[in-house]
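[1] Sequence and predicted structure are below.
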Amino acid sequence: MNVFKAQDLAIGYKDKTLFSNLNFELRTGILTSLLGSNGIGKSTLLKSISGLLDKKSGQLFVDDKNTDALSFAEFAKIISVVLTNENVNKELTVYELVKLGRQPYTNWLDQLTPQDEILIDKTLINCEITDLKERKLLQLSDGQLQRTFIARAVVQDTPFIFLDEPSTHLDLYHKVRLFKLLKKLCIENNKCILFSTHDLDLALQLSDEIMLLKDNHFYHNTTENLINRGVFDRFFDTDDIVFDKERKQFLIL
Ligand SMILES: Nc1ncnc2c1ncn2[C@@H]1O[C@H](COP(=O)(O)OP(=O)(O)OP(=O)(O)O)[C@@H](O)[C@H]1O
């Protein structure tokens, strides 16, 4: 499974369409950030391509297989999702939550195989939460909780991972560590990761590709191409914030 494809996708709610005619491909090994202002439709897009929200029209494919033809169990082995404000039992321990990622593979007794356990242990190390594994979720900081959800998605062992604002609530140090973890998962584990974020500078510096929703337009290209096309030069509708192409940074005047 290497390519996730949206064909003529329209997203929105009952009586309103937010975006239509979206056509894009996401490939494994590539880190893509999804950018756009508050309320533009990033979460809606992520939920629509994760099967959590009905699309208004269009088709989604994984390689050449239409996702509508996949069973729930098949889908869960291909795409994992982490949304903001997930409703989970905070009495669970870190280990118990991460273990849930193996559910599409375990038997009805929820028994882990030795291979499952090896994968979980490796992921806890990768996400730097091994020391926290016995802690309850209610005892975690926002950043630790965020890494635990990401670990659950990694343990689900899907080629495609979609994350809604994983860097919210994190300080700069932990944002950078999170972005580097996502990048490492793409490179070393050949994952395709699409994540929404408002951390523009970090996204521009660390993502291979950018998806941008702006003023009814949908842009998707390599970060370099979008920068060179000047897409970020008028990102904000104000003269107070300008984009410095060389540094890939927004500056406040
Ligand atoms: N369940 C819903 N029913 C109807 N409209 C909704 C629903 N959820 C969100 N919306 C609207 O859809 C639009 C897009 O919302 P969405 O949450 O996708 O934006 P976003 O880009 O993720 O925003 P933010 O950066 O603030 O999280 C907004 O106008 C929002 O009010």
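    Arrived safely, thanks for sending.
[2] drop to CA atoms for contacts and neighbour counts, all remaining ones
    Noted.
[3] measure the residue nearest the centre of the chain to Leu170 for me?
    By C-alpha atoms, centre = their mean, the chain has its centre lying nearest to Leu163, at 2.5 Å. Going from Leu163 to Leu170 by C-alpha to C-alpha, to the nearest Å gives 15 Å.
[4] hmm, back to that, so what's the residue nearest to the centre of the chain scoring on pLDDT?
    Looking at Leu163, its pLDDT stands at 96.
[5] now do the one 4 residues further on
    Ser167 carries a pLDDT value of 89.
[6] Now the residue in the stretch 51-200 of the chain positioned nearest to the ligand: closest residue in space, sequence neighbours ignored.
    Going by C-alpha to the nearest ligand atom, the ligand is nearest to His198 of the stretch 51-200 of the chain, at 7.2 Å. Nearest residue to His198, sequence neighbours excluded (C-alpha to C-alpha, 6 or more residues apart in numbering): Leu35, at 6.6 Å.
[7] so that neighbour touches Leu213, yeah?
    Yes - if you go by C-alpha atoms under 8 Å, Leu35 and Leu213 touch, sitting 6.3 Å apart.
[8] related to what we said a few turns ago, can you tell me the SS state at the residue of the stretch 51-200 of the chain closest to the ligand?
    With DSSP: H, G, I helix; E, B strand; the rest coil as the basis, His198 sits in coil.
[9] What about it, how many residues nearby?
    His198 has 17 neighbouring residues, counting by other C-alpha atoms under 10 Å.
[10] How about the one 10 residues further on?
    Summarising burial for Asp208: neighbours were counted as other C-alpha under 10 Å, giving 17.
[11] With Leu100 instead?
    Around Leu100 there are 15 residues (other C-alpha under 10 Å).
[12] quick one: contacts for it?
    Neighbour list for Leu100: Arg152 [criterion: C-alpha atoms under 8 Å, 6 or more residues apart in numbering].
[13] how close does it sit to Trp108?
    13 Å.
[14] again, but for Tyr95
    19 Å.
[15] picking that back up, what is in contact with Leu35 and Leu213 at once?
    Common neighbours of Leu35 and Leu213, using C-alpha under 8 Å, 6+ apart, are Lys42.
[16] Those two: who's more crowded?
    Neighbours were counted for Leu35 and for Leu213 using other C-alpha under 10 Å; Leu35 has more, 24 against 19.
[17] is it true that that one lies in a helix?
    No - if the criterion is three-state DSSP, then Leu35 is strand and not within a helix.
[18] list the contacts for it?
    42, 196-198, 200, 210-213.
[19] what's the spacing between it and the ligand?
    8 Å (C-alpha to the nearest ligand atom, to the nearest Å).
[20] who does that residue bridge with?
    For Leu35, the beta-bridge partners are Leu212 (DSSP bridges).
[21] With adjacent residues omitted, what lies nearest to His174?
    Spatial nearest neighbour of His174, excluding adjacent residues (C-alpha to C-alpha, 6+ apart): Gly143 at 7.2 Å.
[22] Could you name the helices and strands sitting against whichever strand or helix holds that neighbour?
    Under the criterion DSSP states H and E, the helix or strand holding Gly143 is helix 142-155. Using 3 or more C-alpha pairs under 8 Å, 6 or more residues apart in numbering; DSSP states H and E, the elements in contact with helix 142-155 are strand 79-82, helix 94-100, helix 114-126.
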